[in-house]
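K.L.:
Coordinates only, no sequence provided:
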Ligand SMILES: [Cu+2]
């Protein structure tokens, strides 16, 4: 009883300290901020909806567990009645999870199709910037096509590189790797896409908030995997243009 009371006292404190690290926006977004990129716009509803659905299922499950604990305690030594083949219950616990999975699947497929949409290179009517993200053991190479084929910034574990993106303009990323499989992950942008040697994955999105956002490799890729860090810096289109210009003359070395 004593231990129970202490646990009851502790849990609000733990909850409060956990919440203390979050902003109101992050709380509403279950850890993510709304509107940071066009991907957030697509994924946020799915992310929130999936958590709410999980919470509803969790609460119902908890009630179903607590109900017999409270109201159906052992009343006598008589062996309880044994039942088999409750068809209606079995149908319910097959059909209801199927409906839940089908609904989650449909929303996921819709969001994924939207996120995977990439403007064809041949479509010149839409302004899209091109950046290639090449992963290497153990850092990143960013190539800005508009600044020329040689405009590549290569990071090292000691000097993580910075990826520049213009605010409010579409960027088409080509994602690949030189050696093993890596994972291009920017948590705040709600994106992760695999860098696979010999494969060119693509993703296109628009950054909608100025600032610097941490990025990581999230596929275990070898000894210094944990040091495959980078930053994404979202700047104004004018600043982006001058960054591209700065890459043109010498176009080499790690840009911190
Ligand atoms: Cu890696």
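P.N.:
That came through, no problem. Note that the coordinates shown come from a computational prediction; the quantities given were computed from them, not determined experimentally.

K.L.:
Name the residues linked to the residue of the stretch 1-150 of the chain found nearest the ion by a beta bridge.
P.N.:
Nearest residue of the stretch 1-150 of the chain to the ion: residue 135, at 5.5 Å (C-beta to the ion). Where C-beta positions appear, they are placed from N, C-alpha and C, glycine not excepted. Taking DSSP bridges as the rule, residue 135 bridges to residue 140, residue 177.

K.L.:
those helices in the protein, which residues are they?
P.N.:
Assignment of helices within the chain using DSSP state H yields the ranges 2-20, 24-28, 38-71, 87-116, 237-247.

K.L.:
can you tell which of those helices is closest to residue 131?
P.N.:
helix 237-247 (10.4 Å; C-beta to C-beta).

K.L.:
Buried residues of the closest one, list them for me.
P.N.:
Across helix 237-247, burial judged by 16 or more other C-beta atoms under 10 Å covers 240, 243, 244, 247.

K.L.:
Contact partners for the first one?
P.N.:
I take that to be residue 240. Residue 240 is in contact with 129, 164, 165, 166, 169, counting by C-beta atoms under 8 Å, 6 or more residues apart in numbering.

K.L.:
ok, the second one to residue 241 distance?
P.N.:
Right, residue 164. Between residue 164 and residue 241 the computed distance is 10 Å (C-beta to C-beta, to the nearest Å).

K.L.:
got the buried residues of helix 237-247 as TSV, with pLDDT and distance to residue 78 columns?
P.N.:
Shown next, in TSV, are those (pLDDT from 0 to 100; distance: C-beta to C-beta, whole Å):
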residue	pLDDT	distance to residue 78
240	97	78
243	95	80
244	95	82
247	91	83
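
K.L.:
who touches the residue of the stretch 1-150 of the chain closest to the ion in this structure?
P.N.:
By C-beta under 8 Å, 6+ apart, the contact list for residue 135 reads 141, 176, 177, 178, 182, 184, 195, 217, 221, 228.

K.L.:
Need the winner for burial among the helices of the chain.
P.N.:
Each of the helices of the chain was assessed for mean neighbour count using mean count of other C-beta atoms under 10 Å. The highest is helix 237-247, with a mean of 15.

K.L.:
Which residues does the spatially closest residue to residue 241 that is not a sequence neighbour form beta bridges with?
P.N.:
In this structure, residue 241 finds its nearest non-sequential neighbour in residue 166, 7.9 Å apart by C-beta to C-beta, 6 or more residues apart in numbering. According to DSSP bridges, the residues that bridge with residue 166 are residue 235.

K.L.:
what pLDDT does the residue of the stretch 1-150 of the chain closest to the ion get?
P.N.:
On the pLDDT scale, residue 135 is placed at 97.

K.L.:
Kindly provide the distance from it to residue 144.
P.N.:
17 Å.

K.L.:
same thing with residue 47?
P.N.:
From residue 47 to residue 144 the distance is 31 Å (C-beta to C-beta).

K.L.:
and if you look at residue 218?
P.N.:
For residue 218, the distance to residue 144 equals 24 Å [C-beta to C-beta].

K.L.:
quick one: which of those two has more around it?
P.N.:
Using other C-beta atoms under 10 Å, the more surrounded residue of residue 218 and residue 144 is residue 144, with 23 against 15.

K.L.:
Quick check: that one touching residue 163?
P.N.:
No - counting by C-beta atoms under 8 Å, residue 144 stays clear of residue 163, with 9.5 Å between them.

K.L.:
shared neighbours, the two?
P.N.:
Residues touching both residue 144 and residue 163 (C-beta under 8 Å, 6+ apart): residue 131.
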